[in-house]
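>>> Quick one, fold the following:
(chains A and B)
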Protein chains: 2
Amino acid sequence: MTQFIDIHHGMKGITDEQLRQAHKADLAVEKEEGVHFERAWADPESGIVYCLSEGPDAAAVQRVHERAGHKADEIHPVPLSIW
Amino acid sequence: MTQFIDIHHGMKGITDEQLRQAHKADLAVEKEEGVHFERAWADPESGIVYCLSEGPDAAAVQRVHERAGHKADEIHPVPLSIW
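Numbers count the residues shown, from 1 in each chain, chains lettered A, B, ... in the order given. Okay, the predicted model is just below:
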């Protein structure tokens, strides 16, 4: 399992509620792809959304986002992490 | 206080230990700028490092990184977040 940060552009004006609903849609289908979406961040002004997930590969992460109706524009593996 | 995701490029080959040391250097000076670096992620292959912080503004986040010896290439506010 690897961690991934993925990025969505074009989400200008996104609200807290819309971010929450999008995240919920991911959670609803993620298990079938062996993925877990841990966190998500958004900037309504620039329209950028960032998601942090863990999964077998970037394709599985993308499949969850596609099935939830919001394909990611970029998916980056982040094998190293600290907190 | 706002959350920020900042990005560093050109870190190809970064090791877990180097990421840890860089994060420690941020933690050592962050209080003086009213910033807290919560997490960091890295991909040694693409050379991209992502940091998640909380602080008064992007300039304060950058000052911590500069004083720690690793200026960020991009700093994005992420006022909305979920986990």
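>>> C-alpha from now on. contacts and neighbour counts both.
OK.
>>> What is the subsequent helix or strand relative to the biggest helix by length in chain A?
Taking DSSP state H as the criterion, chain A has its longest helix at helix A:16-29. For helix A:16-29, the succeeding helix or strand toward the C-terminus, using DSSP states H and E, is strand A:36-43.
>>> ok, the next helix or strand after that following strand: who's next to it in the sheet?
Going down the chain from strand A:36-43, the next helix or strand is strand A:48-55, by DSSP H and E. Using DSSP bridges, the strands paired with strand A:48-55 are strand A:2-8 (antiparallel), strand A:36-43 (antiparallel).
>>> State the pLDDT value of the residue nearest the centre of chain A.
With distances taken as Cα atoms, centre = their mean, the residue of chain A nearest its centroid is residue A:51 (3.6 Å). At residue A:51, the model reports a pLDDT of 98.
>>> ok so, going back, dump the strands paired with strand A:48-55 into a markdown table; add distance to residue B:15 as well.
Below are the strands paired with strand A:48-55 laid out as a markdown table (distance: least, Cα to Cα, whole Å):
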| stretch | distance to residue B:15 |
| --- | --- |
| strand A:2-8 | 16 |
| strand A:36-43 | 24 |
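>>> Can I get these in CSV including mean pLDDT and distance to residue A:75?
Shown next, in CSV, are these (pLDDT from 0 to 100; distance: least, Cα to Cα, whole Å):
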stretch, mean pLDDT, distance to residue A:75
strand A:2-8, 98, 4
strand A:36-43, 98, 13
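>>> Can you tell me which of these is nearest to residue A:55?
Nearest to residue A:55, of all the strands paired with strand A:48-55, is strand A:2-8, at 5.6 Å by Cα to Cα.
>>> Now do the buried residues in the closest one.
A:3-8 (16 or more other Cα atoms under 10 Å in any protein chain shown).
>>> in what helix or strand does residue A:64 lie?
Per DSSP H and E: helix A:58-67 holds residue A:64.
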